[in-house]
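Novice: Dropping a prediction and its sequence here:
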Amino acid sequence: GDSVTQMEGPVTLSEEAFLTINCTYTATGYPSLFWYVQYPGEGLQLLLKATKADDKGSNKGFEATYRKETTSFHLEKGSVQVSDSAVYFCALSDSKSTFGDGTTLTVKP
Amino acid sequence: GAVVSQHPSWVICKSGTSVKIECRSLDFQATTMFWYRQFPKQSLMLMATSNEGSKATYEQGVEKDKFLINHASLTLSTLTVTSAHPEDSSFYICSARDTGTSGTYEQYFGPGTRLTVT
């Protein structure tokens, strides 16, 4: 079946540091790929998405590129802020969604 | 656009009682809605897929008689936790797929419902 493997956390960075959260997947078809962010006590918010190979999703300074050859969708941001502290989930979706385990990011001033 | 609401946002109930959680798509129609459960510091676990006008499809290990799902319209799905016990305490999240944007498989998530069973 489909699966998503995310870089284990927690990840702690200083403000303005570079962020990478690795995500790889296995899927039988051609799924869409997503990154979601969850702030404490809240539901999930879509951060960015890519629907086919080589697509780059971007939003709020975050980027991820759908790499079919490496089955990856790594999340990057060039300069993190304290407000980026949250849990990030990588997910793939075809008929239903499969989520990674989540990576907790803490950004310190 | 693409807003999904859940009600209530939190609920406390006594062991043995039933609790109903509503999930609504506010500005789009959703043929398919999903119900997830999330334990503290863990990922989302898909419980069931709810299809408008038909029976829900439950994931393996989820008791269909305990977690009753009804998807009576294109904008509303309900999850009823019957005879709740403390181990049912969790964060329940629903999501809805916009019927009008098929092909992207994008889901829109509700804000979640915190259930505490005492």
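Specialist: Now that the structure is in, tell me what you want to look at. Numbering: from 1, shown residues only, chains lettered A, B, ... in the order given.
Novice: dump the residue contacts of residue 31.
Specialist: Assuming you mean chain A. A:D2, A:Y25, A:L92, A:S93, A:D94, B:Y105 (C-beta atoms under 8 Å, 6 or more residues apart in numbering or on different chains). C-betas here are computed from N, CA, C, even on glycine.
Novice: Please refer instead to chain B.
Specialist: Listed by C-beta under 8 Å, 6+ apart, the contact partners of B:T31 are B:N51, B:E52, B:L74, B:R97, B:T99.
Novice: out of the residues you listed, which are inside strands?
Specialist: B:N51, B:R97 (DSSP state E).
Novice: any idea which of the contacts of B:T31 is closest to chain A?
Specialist: B:R97 (8.8 Å; C-beta to the nearest C-beta).
Novice: Quick one: the contacts of A:P31 as a markdown table, columns for distance to B:E63 and neighbour count too.
Specialist: Formatted as a markdown table, the contacts of A:P31 follow (distance: C-beta to C-beta, whole Å; neighbours: other C-beta atoms under 10 Å in any protein chain shown):
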| residue | distance to B:E63 | neighbour count |
| --- | --- | --- |
| A:D2 | 24 | 17 |
| A:Y25 | 29 | 20 |
| A:L92 | 27 | 25 |
| A:S93 | 25 | 21 |
| A:D94 | 26 | 14 |
| B:Y105 | 27 | 21 |
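Novice: Now compare these and name the two farthest from each other.
Specialist: A:Y25 and B:Y105 (13.6 Å; C-beta to C-beta).
Novice: Does anything pack onto the helix-or-strand element of chain A with minimal mean pLDDT? Which helices or strands?
Specialist: The weakest-scoring helix or strand in chain A, judged by mean pLDDT, DSSP states H and E, is strand A:97-99 (a mean of 88). When contacts are defined as 3 or more C-beta pairs under 8 Å, 6 or more residues apart in numbering or on different chains; DSSP states H and E, strand A:97-99 packs onto strand A:3-6, strand A:86-93.
Novice: following it, which helix or strand comes up?
Specialist: strand A:103-108 (DSSP states H and E).
Novice: returning to what we had before: most neighbours out of the contacts of B:T31, which is it?
Specialist: Among the contacts of B:T31, the one with the most neighbours (other C-beta atoms under 10 Å in any protein chain shown) is B:R97, at 25 neighbours.
Novice: Identify the spatial nearest neighbour of the residue nearest the centre of chain B, chain neighbours not counted.
Specialist: Among the residues of chain B, the one closest to the centroid is B:W35, at 3.4 Å (C-alpha atoms, centre = their mean). Spatial nearest neighbour of B:W35, excluding adjacent residues (C-beta to C-beta, 6 or more residues apart in numbering or on different chains): B:M47 at 4.6 Å.
Novice: Now that neighbour. Its backbone dihedrals?
Specialist: When read as degrees, to the nearest 10, the backbone of B:M47 gives phi -90, psi -50.
Novice: Equivalent analysis for A:T24, please.
Specialist: Dihedral angles (degrees, to the nearest 10) for A:T24: phi -130, psi 160.
Novice: what's the answer for A:S58, then?
Specialist: Residue torsions, per degrees, to the nearest 10, at A:S58 are phi -150, psi 150.
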